[in-house]
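Student: One predicted model, sequence on top.
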Amino acid sequence: MKIRQDAWTEENDLLLAETVLKHVREGSTQLNAFEEVGDHLNRTSAACGFRWNAVVRHDYEKALQLAKKQRKQRQRVLGQSQPVKKTLLYTPPTPSLEEFAEAMPITMEDIPVQSKRNPVINTIATKVSMDQVISFLQTLKHGNTSTTALQSENERLKIEKNEILHKNEELKKKISQLEQSSENIQEDYETLMKIMNRARKLVLFDEEEDRPATKFKMDRNGNLEKLAE
């Protein structure tokens, strides 16, 4: 049974990141990577998955995207034009009957009388209690429940990501429309200013035409003088 209460170290996070990237790059699953790291660090796969999604992944997002690209390139090299079923790189070790018995020592009094005739139970009767067996099975069930919860959380995050991407595209379209509208307004303003300048020039020209011409006459001394209008 894996029970850890100590904090994660930088080495633990690095091991988690490297293992996840390796599994993704070689076509395995992240859950399989969590299992491998959990066995190395004596932690549950659910704890490893939570640590990856909550803390470590933020620092390795670009590396994760690169690993996914490398996986696709690897599939193309192998001639796999269609996505194939992911291959698990790591198989969690299954404890033997003896190891299971040694982890849960008890006495014969804890075994029901009718079960003592079973040869398999008799081999571990002095070591295993029914309560401990139930506790062990409940732990396995809890691990499966945690895995299911992680999968559900992953699906929820994917849906949120798609919604954010969709909103982002809509905002880009609105920005493009505003930029186009701004350009149209600028063009209309420049056109209006040209029209106003032309109208101003026409008004000035009309005023000059309406103004009477100045008349002059020559006096006896040969000088020009302006006549009164």
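Tutor: Perfect, I can see it now.

Student: Give me the buried positions along stretch 47-63.
Tutor: With burial defined by 16 or more other C-beta atoms under 10 Å, the residues of stretch 47-63 counted as buried are 47-52, 56-57, 60, 63. Using the backbone N, CA and C atoms, a C-beta is placed for each residue, glycine as well.

Student: how long is it end to end?
Tutor: Start-to-end span of stretch 47-63 (C-alpha to C-alpha, to the nearest Å) is 22 Å.

Student: Could you do stretch 43-60 as well?
Tutor: Taking C-alpha to C-alpha, stretch 43-60 runs 21 Å from one end to the other.

Student: Run through who's touching that stretch.
Tutor: 2, 4, 8, 13, 16-17, 20-21, 30-31, 33-35, 37-38, 41, 64, 143, 146-147, 149-150, 153-154, 157 (C-beta atoms under 8 Å, 6 or more residues apart in numbering).

Student: List only those of these flagged as buried.
Tutor: Buried subset of those (neighbour count, 16+ other C-beta under 10 Å): 8, 13, 16-17, 20-21, 30-31, 33-35, 37-38, 41, 64, 143, 146-147, 150.

Student: For Asn32, see how far away Lys69 is.
Tutor: 20 Å (C-beta to C-beta, to the nearest Å).

Student: Output the below-cut-off pLDDT ranges for the chain.
Tutor: Scanning the chain for pLDDT under 70 picks out 1-5, 79-87, 92-146, 206-220, 222-229.

Student: tell me which strands and helices the lengthiest helix in the chain is in contact with?
Tutor: Longest helix of the chain, by residue count under DSSP state H: helix 130-210. Other helices and strands packing on helix 130-210, by 3 or more C-beta pairs under 8 Å, 6 or more residues apart in numbering; DSSP states H and E, are helix 30-41, helix 45-54.
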